[in-house]
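Visitor: for reference, the sequence and a predicted model appear below.
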Amino acid sequence: MTSTPIWPRKAWYVAARAEEVSDKPLGRRICGEAMVFYRRADGSVAALEDFCPHRGAPLSLGFVRDDALVCGYHGLALGCKGQALQMPGQKVGGFPPIRSYAVLERHGFVWVWPADAETADPAAMPHLEWADNPAWAYGGGYYHIACDYRLMIDNLMDLTHETYVHSTSIGQKEIDETPVKTRREGAEVITSRTMDRVAAPPFWRMALGAAGLPQDAVVDRWQICRFSLPSHVMIEVGVALAGEGGYDAPLDRKVSSWVVDFITPETETSHHYFWGMARRFKVEDAALTDSIRQGQGTIFGEDLAMLEQQQANLLHWPERRLLLLNIDAGGARARQMIDAAIAEEAAVPA
Amino acid sequence: MTSTPIWPRKAWYVAARAEEVSDKPLGRRICGEAMVFYRRADGSVAALEDFCPHRGAPLSLGFVRDDALVCGYHGLALGCKGQALQMPGQKVGGFPPIRSYAVLERHGFVWVWPADAETADPAAMPHLEWADNPAWAYGGGYYHIACDYRLMIDNLMDLTHETYVHSTSIGQKEIDETPVKTRREGAEVITSRTMDRVAAPPFWRMALGAAGLPQDAVVDRWQICRFSLPSHVMIEVGVALAGEGGYDAPLDRKVSSWVVDFITPETETSHHYFWGMARRFKVEDAALTDSIRQGQGTIFGEDLAMLEQQQANLLHWPERRLLLLNIDAGGARARQMIDAAIAEEAAVPA
Amino acid sequence: MTSTPIWPRKAWYVAARAEEVSDKPLGRRICGEAMVFYRRADGSVAALEDFCPHRGAPLSLGFVRDDALVCGYHGLALGCKGQALQMPGQKVGGFPPIRSYAVLERHGFVWVWPADAETADPAAMPHLEWADNPAWAYGGGYYHIACDYRLMIDNLMDLTHETYVHSTSIGQKEIDETPVKTRREGAEVITSRTMDRVAAPPFWRMALGAAGLPQDAVVDRWQICRFSLPSHVMIEVGVALAGEGGYDAPLDRKVSSWVVDFITPETETSHHYFWGMARRFKVEDAALTDSIRQGQGTIFGEDLAMLEQQQANLLHWPERRLLLLNIDAGGARARQMIDAAIAEEAAVPA
């Protein structure tokens, strides 16, 4: 698709939420490649190129029969390795296979490895403390966003934008008054900020109330953004009653959660954004999960509008150089990790 | 428009259904060329370039006056040979003419010859047994389809797709279980299949009923696809009560018809599709004509959806080679005839 | 934006109607450049590049605070000269400025000078007799039109099109029967036509009635189109009772007005069209102003439809040469003035 890729290929990307994949094939472009996902009878997921080797029809228009993906145009049945299995009236032994992709279902998502399936490394799958863990509740959604996936990483690694883009929900002036610390720690770029003795903005007032804590309390607030390859940003956020230890306060003196961001390139100027929130308070409250999802959807819709117009502006002025401030260090270091991963792949082609 | 044309130009293409052309000009792109069609007082049709030589406005925005096409911008009147006839306050003798096209009205359609009008050969007009013939009834429609016209030819010359794309109307499993025979016969590529002693699928059950024959009868079914240059596909289809002679059964023991497909390139990735059905049973039944047209429109809409996505997929993977199976022989041979016609034109430019 | 510009840059263009510019920023592309306009507390208007030097977001998504334009993404505040003023937690002294544009508010419009602000010449602002003049009433509107701004100049400098495009309102056959005179006079190209002893077409019948004159009167009609750089076309139009002196008839024996056309390039194939009418009859009649605006909007919508299709046709046939008739002399001479201005700018770069 692209001569100089702008994303690593030897990595696990979220391709879909688990509930999106069924025995009705799902076509989705990931890292520039058109893929089709379907679920077999045993529940396992397969991923193939979305291209029938017979006449080039998208396999995502077909159907699943006996665990094979059958082209909806002339009936060529393909196996989960991309091999031709059967076609009425044809000997399919000599048919060229199509690509299959390594795919895993974990943490409520279907993940795909765009590079050669033989290079797929299950150990590279991220560990998510909150996933499949009854001590946590999770809710989330999906947006298609017409911008380079790296602009979304920049966005999430510099939360000073909350003061402006999200002024009515999670923004507050103390965010951009408080310096941020950025560091590399193992496989993560971490950028963090703590704001002591501040008022809680509307979202956190709601959360304090939901957790049975006083909404008007003076709080200590924290934001810890963690980037990891290829393009995941997990953000620890929360507020604790002032003076109770902040991030380390006892569970009943704080409300805290993970903002979950899986950012999957579609093309060079678009991506799939799987967003959500995992929380450790009132985990049994399904109505609260819905309410948070709705609020988060509104907030992330504000990012969508800004990012798509930023992308359009950058395409209009391709020659312009941008500033790199201290607040941009998180995004800049994340891009360094991405570039290094791409360079490493180029040195040892898959 | 195109340096290496993908269609013959010395040929008759259906430009419009006769009722589409009136004294209100009709603009339509054919074989990459923007044309305008209009009808004169004597009922004859003229076709010109859709480009006023004065300021480049589309003539299709103008009007017809005294058999001349008058530009709707500043009033230049053009004759049916593209010559400037008159313009208020101007001497038009030195105005450059625009191209006119050879045009014929036959069989309920307006046909155009995109190459130089002097090369137009009325004898090359196809003979259609069913047209202007009271022993037959005809109904049809028009679709604009965003794919290379040759993908539609492929589609119609390999009816195994009916089993998949049209499974609820004319498809049945015996279609792709029965081998097809492909041959060249004179100016036609013919691909045919007969299925003996099968159940009639829904469309043919309806037709049997309309003709007063038992819907549940075991039938012999046939499909004879006939391609002729530049891009016409006429398909003889029908079912006869089993054992009565199939294709050759007496008229009162079978229902049969021609599927009519005129496929006119618009651009390299789009075409005009004039489809219809001519039948030899219950020819006086106008309600049946409407009902068939509606059913055929639904069925051909299924092809439209598949073909447009096939085209998009082929544009995404321009380098991929497709398979060429026995079932594809009809389309492949049709393309050979097309390529030979294009090569012949290149050798003797119009 | 463009290597060979098709518009002068050292000139005042209408950027917006005055009421469009407030403390809520307005983004608009002018002469290929994305600009943002906003109004300061003292009512003055500023114009900057619509590009935040920090991360490239459009400044038009931001807000105005203390006369500074604040980026809506991360809060960089810029002054009206494009200089960075302030950003939370940042020292902005070394931030590169962005471009600011010379801007003036005159005659109910905001005007911008796309070339370097230092070259801006207030004396080059056109004088408009009717503007800010209680003896005149003005009403107008705005259209975005997808065509080269020069096609609109051609349109307005050759009113023979009224007979065809506006046949039901201001067109009449005498327009293209009457030769036009074209001349250069100072900084203007003028093309004029007088029609003596004609019937008034529907628009002028309405105007005669509104002015208390007989609608069925035989009239002397005039049209005087005045082009001036960079792309303004002011048209004196009117009818007088026949034999009363035509253009020079006493005020109470005629109805007359200026058709006002400010034509601002957006891209090479689109422009902003600010149209209106200034009249010297019944100036206190606001309902008449509205009625004229509505009628004019309908008429200019007819031009829009024609011009956008003309543009599409010219893009389809880029190699075709157009005719240059006597009626086209106004547009042709206007283009000569434009080309000379562009050449002069190229010789002495701004």
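Guide: Perfect, I can see it now.
Visitor: residues in chain A within reach of chain C, list them.
Guide: Residues of chain A lying near chain C by Cβ under 8 Å from any Cβ of the partner chain: A:154, A:158, A:160-161, A:163-165, A:173, A:176-179, A:305-306, A:309-310, A:312-314, A:316-317, A:320, A:322-323, A:325-328. From N, CA and C alone the C-beta is placed, and that goes for glycine too.
Visitor: could you rerun that using 7 Å?
Guide: When proximity is defined by Cβ under 7 Å from any Cβ of the partner chain, chain A lies next to chain C at A:154, A:160-161, A:163-165, A:176-177, A:179, A:306, A:309-310, A:313-314, A:316-317, A:320, A:322-323, A:325.
Visitor: write the ChimeraX selection for whichever of these are buried.
Guide: Applying 16 or more other Cβ atoms under 10 Å in any protein chain shown to the residues of chain A next to chain C, the buried members can be selected in ChimeraX as follows:
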select /A:154,160,161,163,164,165,176,306,309,310,313,314,316,317,323,325
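Visitor: A:L128 against A:H107, yeah?
Guide: Yes: applying Cβ atoms under 7 Å, one finds A:L128 in contact with A:H107, separated by 5.1 Å.
Visitor: so where's chain A shaky on pLDDT?
Guide: A:1-3, A:349-350 (pLDDT under 70).
Visitor: can we see that at 80?
Guide: Residues of chain A that meet the criterion pLDDT under 80 lie in A:1-3, A:348-350.
Visitor: what's the single longest strand in chain A?
Guide: strand A:254-267 (DSSP state E).
Visitor: contact residues of the stretch 1-150 of chain A facing chain B?
Guide: A:34, A:51, A:53-58, A:61, A:72-75, A:88-90, A:95.
Visitor: looking at these, which are in helices?
Guide: Applying DSSP state H to the residues of the stretch 1-150 of chain A next to chain B, no entry is found in helices.
Visitor: any of these buried? List them.
Guide: By 16+ other Cβ under 10 Å, the residues of the stretch 1-150 of chain A next to chain B give A:34, A:51, A:53-58, A:61, A:72-75, A:88, A:90, A:95 as buried.
Visitor: widest-spaced pair of those?
Guide: Distances among those were taken as Cβ to Cβ; the most separated pair is A:A34 and A:P88, at 25.7 Å.
Visitor: pretty sure A:W136 sits against A:R280.
Guide: Yes: using Cβ under 7 Å, A:W136 is in contact with A:R280, at 5.7 Å.
Visitor: output the contacting helices and strands for the longest helix seen in chain A.
Guide: Assignment by DSSP H gives helix A:286-316 as the longest helix of chain A. On a contact count with 3 or more Cβ pairs under 7 Å, 6 or more residues apart in numbering or on different chains; DSSP states H and E, helix A:286-316 meets strand A:137-145, helix A:149-157, helix A:162-165, strand A:270-279.
Visitor: could you rerun that using 6 Å?
Guide: Under the contact definition 3 or more Cβ pairs under 6 Å, 6 or more residues apart in numbering or on different chains; DSSP states H and E, helix A:286-316 sits against strand A:137-145, strand A:270-279.
Visitor: winner for burial among those?
Guide: Burial of the helices and strands packed on helix A:286-316 is given as mean neighbour count (mean count of other Cβ atoms under 10 Å in any protein chain shown); strand A:270-279 ranks first at a mean of 22.
Visitor: which other helices and strands contact it?
Guide: strand A:137-145, strand A:254-267, helix A:286-316.
Visitor: chain neighbours aside, what residue packs nearest to A:L307?
Guide: Excluding its sequence neighbours, the residue lying closest to A:L307 (Cβ to Cβ, 6 or more residues apart in numbering or on different chains) is A:C147, at 4.5 Å.
Visitor: and the one you found, what does it touch?
Guide: A:C147 makes contacts with A:L307, A:E308, A:Q311, as judged by Cβ atoms under 6 Å, 6 or more residues apart in numbering or on different chains.
Visitor: now the buried members of these.
Guide: By 16+ other Cβ under 10 Å, the contacts of A:C147 give A:L307, A:E308, A:Q311 as buried.
Visitor: from the residues you listed, pick the one nearest chain B.
Guide: Nearest to chain B among those is A:Q311, at 21.4 Å by Cβ to the nearest Cβ.
Visitor: if we ignore the residues flanking it in sequence, what's nearest that closest one?
Guide: A:C147 (3.6 Å).
Visitor: go on, A:V260?
Guide: A:V260's closest residue in space is A:G276 (Cβ to Cβ, 6+ apart), at 4.3 Å.
Visitor: could you do A:S231 as well?
Guide: Going by Cβ to Cβ, 6+ apart, A:S231 has A:I263 as its nearest residue, at 4.3 Å.
Visitor: pull up the gap between the nearest residue to A:I6 once chain neighbours are set aside and chain C, please.
Guide: With sequence-adjacent residues excluded and distances taken as Cβ to Cβ, 6+ apart, A:I6 is closest to A:E268, at 6.0 Å. Computed as Cβ to the nearest Cβ, to the nearest Å, the A:E268 to chain C distance reads 16 Å.
Visitor: again, but for A:E118
Guide: According to Cβ to the nearest Cβ, A:E118 stands 39 Å off from chain C.
Visitor: what residue is smack in the middle of chain A?
Guide: A:F262 (0.8 Å; Cα atoms, centre = their mean).
Visitor: just give me the neighbour total for the residue nearest to A:C71 when sequence neighbours are not counted.
Guide: Leaving aside its chain neighbours, A:C71 sits nearest to A:C52 (4.2 Å; criterion: Cβ to Cβ, 6+ apart). By the criterion of other Cβ atoms under 10 Å in any protein chain shown, A:C52 has 29 neighbours.
Visitor: okay, and the residue of chain A found nearest chain C sits in which element?
Guide: Chain C sits closest to A:D176 of chain A, with a gap of 3.7 Å, by Cβ to the nearest Cβ. Take DSSP states H and E as the rule and A:D176 turns out to sit in helix A:173-177.
Visitor: send me that helix as CSV with only the CA atoms.
Guide: C-alpha atoms of helix A:173-177 as CSV (Å, rounded to 0.1, in the frame of the first residue of the first chain):
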residue,chain,number,x,y,z
LYS,A,173,-7.3,25.6,34.0
GLU,A,174,-4.9,23.8,36.4
ILE,A,175,-4.2,21.2,33.7
ASP,A,176,-2.1,23.6,31.6
GLU,A,177,-0.8,25.4,34.6
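Visitor: what is that helix packed up against?
Guide: helix A:162-165.
Visitor: neighbouring contacts of the helix it packs on?
Guide: A:I170, A:G171, A:I175, A:D176, A:E302, A:M306, C:G72, C:G75.
Visitor: swap in stretch A:340-350?
Guide: Residues contacting stretch A:340-350 (Cβ under 6 Å, 6+ apart): A:P5, A:P8, A:K10, A:A115, A:D116, A:T119, A:L229.
Visitor: swap in stretch A:11-26?
Guide: So stretch A:11-26 is contacted by A:30, A:36-39, A:45, A:60, A:64, A:105, A:108-113, A:124-125, A:229-230, A:262, A:264, A:274 (Cβ under 6 Å, 6+ apart).
Visitor: same thing with stretch A:129-145?
Guide: Contacts for stretch A:129-145 (Cβ under 6 Å, 6+ apart): A:107, A:258, A:271, A:273-276, A:278-280, A:283, A:289, A:292-293, A:297, A:304.
Visitor: apply 8 Å and report the result again.
Guide: If you take Cβ atoms under 8 Å, 6 or more residues apart in numbering or on different chains as the criterion, stretch A:129-145 is touched by A:17, A:106-108, A:152, A:258, A:260, A:266, A:270-280, A:282-285, A:288-290, A:292-293, A:296-297, A:300-301, A:304, A:307-308.
Visitor: what about that stretch, how long is it end to end?
Guide: End-to-end span of stretch A:129-145 (Cα to Cα, to the nearest Å): 27 Å.
Visitor: how many neighbours does the residue nearest to A:I6 have?
Guide: Neighbours of A:E268 using other Cβ under 10 Å come to 16.
Visitor: how is chain A divided into domains?
Guide: With domains defined by automatic domain parsing, chain A comprises A:13-124, A:137-347.
Visitor: tell me the contacts of the residue nearest to A:C71?
Guide: Shown in contact with A:C52 (Cβ under 8 Å, 6+ apart): A:P58, A:L59, A:G62, A:C71, A:Y73, A:L76, A:L78, A:I98.
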